[in-house]
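> Have a look at this fold, sequence not included:
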């Protein structure tokens, strides 16, 4: 056991050091640009690289959103510029020459933005490669012609990042190519913890009854979310690792309590009594494989065994979205950081 703990600790330590090294490089980049305020103009950066200080501020905001740090575009601009953008422009920005403006105009396809067809469902794979994948890394776009010199796309949208919550999380419109829309969404939750030992009183249910409740509560009380969504936890159940008991709990939450979202925690691994995925599949009417895939992809950045998860997600009677989460408290919290921002749009679709 000690060898396993030591190995995991070493892995986490290496991952943290890698993140610290990358952060150091980012800080040095900002420092360099601040030293060269007078000579490095934003328009020149756009013409040469396709991004500028404002793009860096958007990447920084995106990163903070992903780890649930509260911030704004303006605050991130101050971190990048070392002052407000208005102050920087007054102090350092020079008038662009006609040559700069012409180059800026002619090179717009290389700027940090998405083409109009990037997030639409009608895009074909011959026009846009891997169009259905989340843009966590830049991808190549041929522009719909036979030009073999494909252009690389950035995953930062150049529109006002604060006006579109989906833009913040995905770099564009909704997953179906449309805006997520305005208006309030009331989301009701059901929580199911699957654990023999917690059920038998060996230890307290931390993952479901504590971490999950607190994470949901915290997320829905932040200013940017509370204005558009409200939530209620309608039900909570603690069940043993028995397929029939798990399935009955899901059916009760969906059919009786009418929960919009049902979250299970535990029982998704390879052990003999890990049967939560089987129980969940037995009561689903449609799978939503992309959710489980997204959670696994996120977890693999921090946990080397994340690929062993068999968690599933799906719909029951087009009424409830059921999602399997891991059993460990830290993993539950991390997974919710990815899942919760999806739910407003998902529940809207279910209720439409």
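In hand now; what should we look at? These numbers come from a predicted model, not from an experiment.

> Give me the next element, helix or strand, following the lowest-mean-pLDDT helix or strand in the chain.
The least trusted helix or strand in the chain, going by mean pLDDT, DSSP states H and E, turns out to be helix 165-170, with a mean of 34. Per DSSP states H and E, helix 165-170 leads on to strand 185-194 as the next helix or strand towards the C-terminus.

> residues of the next helix-or-strand element following that following strand that come out buried?
Next helix or strand after strand 185-194 toward the C-terminus (DSSP H and E): helix 196-199. Of the residues in helix 196-199, 198-199 count as buried by neighbour count, 16 or more other Cβ atoms under 10 Å. No exception for glycine: its C-beta is placed from N, CA and C like everyone else's.

> Measure how far helix 196-199 is from the centre of its chain, please.
How far helix 196-199 lies from its chain's middle: 31 Å, per Cα atoms, centre = their mean, to the nearest Å.

> Give me the mean pLDDT for stretch 318-336.
Averaged across stretch 318-336, pLDDT comes to 91.

> Ends of that stretch, what's the gap?
Using Cα to Cα, to the nearest Å, the end-to-end distance of stretch 318-336 comes to 22 Å.

> Buried residues in it, which are they?
Neighbour-count burial for stretch 318-336 [16+ other Cβ under 10 Å]: 320-329, 331-336.

> for that stretch, the distance to its chain's centre please.
14 Å.

> quick one on the thing from earlier: could you tell me which of the buried residues of stretch 318-336 belong to strands?
Judged by DSSP state E, strands contain the following of those: 320-325.

> would you turn the residues you listed into CSV with distance to residue 233?
Below are those laid out as CSV (distance: Cβ to Cβ, whole Å):
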residue, distance to residue 233
320, 14
321, 15
322, 15
323, 15
324, 18
325, 15
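
> The host helix or strand of residue 350: how far from the chain's middle?
Here residue 350 sits within helix 329-351, counting by DSSP H and E. A distance of 9 Å separates the centroid of the chain from that of helix 329-351, by Cα atoms, centre = their mean.

> In terms of secondary structure, what does that helix contact?
Contact analysis of helix 329-351 by 3 or more Cβ pairs under 8 Å, 6 or more residues apart in numbering; DSSP states H and E lists helix 165-170, strand 185-194, helix 213-220, strand 261-265, helix 289-299, strand 320-325 as its packing neighbours.

> could the ones you listed go into TSV alongside distance to residue 14?
Converted to TSV, the helices and strands packed on helix 329-351 look like this (distance: least, Cβ to Cβ, whole Å):
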stretch	distance to residue 14
helix 165-170	28
strand 185-194	32
helix 213-220	27
strand 261-265	28
helix 289-299	17
strand 320-325	26
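
> looking at these, which is closest to residue 92?
Ranking the helices and strands packed on helix 329-351 by proximity to residue 92 (Cβ to Cβ) places helix 165-170 first, at 27.6 Å.

> residue ranges with poor pLDDT in the stretch 1-150 of the chain?
Scanning the stretch 1-150 of the chain for pLDDT under 70 picks out 1-13, 108-150.

> Helices of that one, residue ranges please.
Residue ranges of the helices in the stretch 1-150 of the chain, as given by DSSP state H, counting those that start in this stretch, are 2-35, 42-49, 53-66, 73-81, 85-92, 98-106.

> for these, which one ends up most surrounded?
Mean neighbours per residue, mean count of other Cβ atoms under 10 Å, is largest over the helices of the stretch 1-150 of the chain for helix 53-66, with a mean of 20.

> from memory residue 58 sits against residue 77, does it?
No. Using Cβ atoms under 8 Å, residue 58 makes no contact with residue 77, being 9.0 Å away.

> residue nearest the centroid of this protein?
Closest residue to the average C-alpha location of the chain: residue 338 at 4.4 Å, with Cα atoms, centre = their mean.

> quick one: that residue from residue 332, how far?
As judged by Cβ to Cβ, to the nearest Å, residue 338 and residue 332 stand 11 Å apart.

> show me what contacts the nearest residue in space to residue 324 that is not next to it in sequence?
Spatial nearest neighbour of residue 324, chain neighbours left out: residue 311 (3.7 Å); criterion: Cβ to Cβ, 6 or more residues apart in numbering. Each residue near residue 311 by Cβ atoms under 8 Å, 6 or more residues apart in numbering is listed here: 268, 276-277, 292, 295-296, 323-326.

> farthest-separated two in these?
Farthest pair in these, by Cβ to Cβ: 276 and 296, 14.7 Å.

> between those two, which one's more packed in?
Shown here are residue 276 and residue 296; by other Cβ atoms under 10 Å, residue 276 has more neighbours (28 against 18).

> is it true that that one touches residue 264?
Yes. Residue 276 lies in contact with residue 264 (Cβ under 8 Å); the separation is 5.6 Å.

> Give me the common contacts of the two.
Residues within reach of residue 276 and of residue 264 at once, by Cβ under 8 Å, 6+ apart, are 194, 246, 324.

> Save those residues as CSV, and put in distance to residue 212 too.
CSV is the format used below for those (distance: Cβ to Cβ, whole Å):
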residue, distance to residue 212
194, 12
246, 16
324, 13
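
> Dump the helices of the stretch 1-150 of the chain into JSON lines; add distance to residue 234 as well.
Putting the helices of the stretch 1-150 of the chain into JSON lines (distance: least, Cβ to Cβ, whole Å) gives the following:
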{"stretch": "helix 2-35", "distance to residue 234": "36"}
{"stretch": "helix 42-49", "distance to residue 234": "50"}
{"stretch": "helix 53-66", "distance to residue 234": "28"}
{"stretch": "helix 73-81", "distance to residue 234": "36"}
{"stretch": "helix 85-92", "distance to residue 234": "45"}
{"stretch": "helix 98-106", "distance to residue 234": "54"}
